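J.: I need the structure of the sequence given here:
(3 chains)
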Amino acid sequence: MSSENGRSPGAEGEQLALIRESVRRARTDPARPRTWRGAALAAELPVARVVVNKGVLHLDRYFDYAVPADMDADARPGVRVRVRFGAGSHTVREGRREGGRLIDGFIVERLAESDYVGPLAALAQVLSPEPVLTPELLALARAVADRYAGSLADVLQLAIPPRNARAESRPSPEPLPPPELPEPGTWRRYPEGPAFLTALARGAGPRAVWTALPGPHWPAETATAMAATLAGGRGALTVLPDGRAVERLDEALTALLGPGRHVVLTAESGPEKRYRQWLAVRRGSVRAVVGTRAAMFAPVRDLGLVALWDDGDAALSDQQAPQPHAREVLLQRARTEGAGLLLGGHTCTTEAAQLVETGFARPLTAPREVVRAAAPLVRTVGELDEVRDAAARAARLPSVAWEAAREGLRHGPVLVQVPRRGYVPRLACERCREAARCSACAGPLQARDSGDLLCGWCGRTEERWQCPECGGRRLRATVVGHRRTAEELGRAFPAVPVRTSGRDHVLSTVPASPALVVSTPGAEPVAEGGYAAALLLDGWALLGRPDLRAGEEALRLWMTAAALVRGAEEGGTVVVTAAPELRPVQALVRWDPAGHAVRELADRAELGFPPVSRMASVTGRPADVADLLSGARLPDGAEVLGPVPLTPPPSGSPRRPGDPPPGESWDRALVRVRPGQGGALAAALKEAVTARLVRREGGAVRVRVDPPDLG
DNA sequence: AGCACGCCGACT
DNA sequence: GTCGGCGTGCTC
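T.: Numbering: from 1, shown residues only, chains lettered A, B, ... in the order given. Coordinates of the predicted model:
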């Protein structure tokens, strides 16, 4: 018997020789045979260009396959196929091509001929005639892959849910006719609100950065914008950071439009339901989509509006390679699909402020007096504030906070926000709480066991640090968790029920009756009728986080909580324990998130920080990082910061993709480029990684564009 | 990555 | 003459 691997001479060997000969001829003969013998091919457009479902960077290109005649009808652009892929797919045994593994892919287009020199393998199977990879989705996925130095296949994995035969076999519901144009309702509080809605309804692409008024109306307002888009005959997509926010918008949409006009796309619903709903969207049966970041690629037909709520929330950045952020994906869709944009939240990210500054979007805000009436009264208290009351001292509350809680409890629930333990800053000025930064590159300072101060970006040792804000020379940190705070408050207010909402169990709503609701940031329940008061405790801990965005993030967490409190007109009060002269604290007191973002943006521009410049991180073993950077053809003026040793995550925390394997110490370098060079930076890094893969040199290196923890 | 090809040394 | 170990290169 011949050997299993076709290496022995004889009939098979002769066949191999023949094949090699035919390939040789194919490379030189202009009238070369294009396929293997014996395959009956599709009469027209016999070539299928395929993107194979393999995320490896050096395979990030198309491969051509021959279309057998019996697959001709189904093998249309966008369908899922299986193909033989890999070395050896040209092996011929007993007259058939074998070898190479069967892998999935998508047909990108059908062609009359291939530019590949050599004979084509045939498609192995059309998995389903459903064209899931639409031209819009392909273009979007390509753009996202390029921006993030990732591969098309990786992005498609995020964008197209796994197939489910049962879901596919069922017909999607008949599409409903467009709804009536909705009334503007509370959008009238914004001078530009009604015009924004009519622009959506008439098919235009208005783009707005929406600073939402505090209070409970944003879900209904977002629903109204979606309804206006539907009324104009186009589709709408809204992405929100978590399941609770999705639920609120879902309810608002159902209240406004009834059931059946929208779907909720989240990763939580099971595979069959998820694919069924996704298909209903792709087929045009449903024109409106609401979901978490998993919905950002939803193939909405004739997209007229992309909306994003609270784009500063870290949950909007995908954890799967290449880790695209929903804001960037939706912006790309607004640009290329001509859709309107609604970037909303109770605060404003610097990225959103930049969109306004560059003229890409217009601000959608309410007049000052409307803001003042809707927002609660905010008071600040330094933590060294004198504590006269013994009970207040027991609860570790400054007197002002104690009074506000006691007064608030007479009228309804009182929210107490406490930073999570572990949410601790690296180093901040003891006197003014300003984060300690490197005097050379403005990177965050870390304390070594030796007592030395080391920059987390450039690795320089900081001698004799002095706070640039107040001249202080001492540094510090620590925080008390929400559970212990709840216990202490329970003792201080013995007659009042205490509820907690935190990481392990998050409450979505609380009743209007008086209660203390202790919550970690981001987990605050919505109170019926609004909270009477809120205490934002240990604010300095949020501000001192070792992150570029610490100020912006603290303001976001405060305002998101404070927006659940009744307006000043109804007696709503907020007390924040943080130094009143700090910029985010002032922005909270004045309720001016947009102004804060504009000033923050100016600072970032001056210091060369994102989003004004673009950054990417490169991590890996020290030798690998150095090798990759030396081989990369970075754009002109690119700056390399570091490399420095990557601070290991605290032991016990779950390993995340991109973390070094246990026992290895990795370096991290940051690369920074000027505005407009982001694409070139991503391309250069991708090329450098690919070159190493092809040469098989060195160990794994990870590249991340827009690293989230600019420590 | 995965897989096949092929060169080379070892053993029947 | 045949087997199989591992370095090298490619994937339509």
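J.: Now the element after the helix or strand where A:Met559 lies, going C-ward?
T.: Here A:Met559 sits within helix A:550-562, counting by DSSP states H and E. Note on helix A:550-562: by DSSP H and E, the next helix or strand toward the C-terminus is strand A:573-576.
J.: what does the stretch 551-700 of chain A put close to DNA strand C?
T.: Proximity of the stretch 551-700 of chain A to DNA strand C, by Cβ under 7 Å from any atom of the strand, involves residues A:694, A:696. In this view, the C-beta of every residue, glycine as well, is placed from N, C-alpha and C.
J.: Quick check: residues of the stretch 551-700 of chain A near DNA strand B?
T.: Counting by Cβ under 7 Å from any atom of the strand, the residues of the stretch 551-700 of chain A near DNA strand B are A:693, A:700.
J.: Tell me which residues touch A:Ala223, please.
T.: Residues in contact with A:Ala223 (Cβ atoms under 8 Å, 6 or more residues apart in numbering) are A:249, A:252-253, A:255-257.
J.: picking up where we left off before, if you count neighbours, what's buried in the helix holding A:Met559?
T.: A:550-562 (16 or more other Cβ atoms under 10 Å).
J.: how far is that helix from where the chain is centred?
T.: 18 Å (Cα atoms, centre = their mean, to the nearest Å).
J.: likewise stretch A:587-601?
T.: Using Cα atoms, centre = their mean, the mean C-alpha position of stretch A:587-601 is found 23 Å from that of the whole chain.
J.: Can you tell me the SS state at A:Arg335?
T.: Three-state call for A:Arg335 (DSSP: H, G, I helix; E, B strand; the rest coil): helix.
J.: What about it, how many residues nearby?
T.: For A:Arg335, the number of neighbouring residues by other Cβ atoms under 10 Å comes to 14.
J.: Check A:Ala43 too.
T.: 9.
J.: for it, what are its contacts?
T.: A:69, A:72.
J.: can you pull the contacts of A:Phe609?
T.: A:442, A:548, A:603, A:615, A:710.
J.: wait, I meant A:Ala375
T.: A:213-214, A:562, A:567-568, A:591.
J.: can you do 6 Å?
T.: Applying Cβ atoms under 6 Å, 6 or more residues apart in numbering to A:Ala375 gives the contacts A:214, A:591.
J.: Per-residue pLDDT of it, please?
T.: We have a pLDDT of 97 for A:Ala375.
J.: cool, and A:Arg696?
T.: With respect to pLDDT, A:Arg696 has a value of 74.
J.: Next: A:Arg388.
T.: Residue-level pLDDT assigned to A:Arg388 equals 54.
J.: now A:Leu454
T.: At A:Leu454, pLDDT is 73.
J.: do the same with A:Thr28
T.: 36.
J.: same thing with A:Glu351?
T.: If you check A:Glu351, the pLDDT there is 97.
J.: Could you list the low-pLDDT ranges of the stretch 251-400 of chain A?
T.: A:382-396 (pLDDT under 70).
J.: show me where it has strands.
T.: Shown for the stretch 251-400 of chain A, the strands assigned by DSSP state E, counting those that start in this stretch span residues A:262-265, A:288-291, A:303-309, A:340-345, A:362-364, A:377-380.
J.: Minimum distance to DNA strand C: which of those strands has it?
T.: strand A:303-309 (32.3 Å; Cβ to the nearest atom of the strand).
J.: Give the pairing partners of that closest one; include direction for each.
T.: Using DSSP bridges, the strands paired with strand A:303-309 are strand A:235-239 (parallel), strand A:340-345 (parallel).
J.: Run the chain-centre distance for it.
T.: That offset, for strand A:303-309, works out to 15 Å (Cα atoms, centre = their mean).
J.: List the contacts of it.
T.: A:200, A:222, A:229, A:234-240, A:326-327, A:330, A:333-334, A:337, A:339-344.
J.: Could you list which of those also contact DNA strand B?
T.: Contacts with DNA strand B within the contacts of strand A:303-309, counted by Cβ under 7 Å from any atom of the strand: none were found.
J.: where do the strands sit along the stretch 51-200 of chain A?
T.: Under DSSP E, counting those that start in this stretch, the stretch 51-200 of chain A gives strands at A:63-66, A:80-85, A:91-93, A:96-98, A:101-111, A:125-128.
J.: nearest to A:Gln354, of those strands?
T.: For those, proximity to A:Gln354 was assessed by Cβ to Cβ; strand A:101-111 is nearest, at 33.8 Å.
J.: can you pull the contacts of A:Pro660?
T.: Here A:Pro660 is in contact with A:Trp666 (criterion: Cβ under 6 Å, 6+ apart).
J.: quick one, phi psi at it?
T.: For A:Pro660, the backbone dihedrals (degrees, to the nearest 10) come out as phi -70, psi 150.
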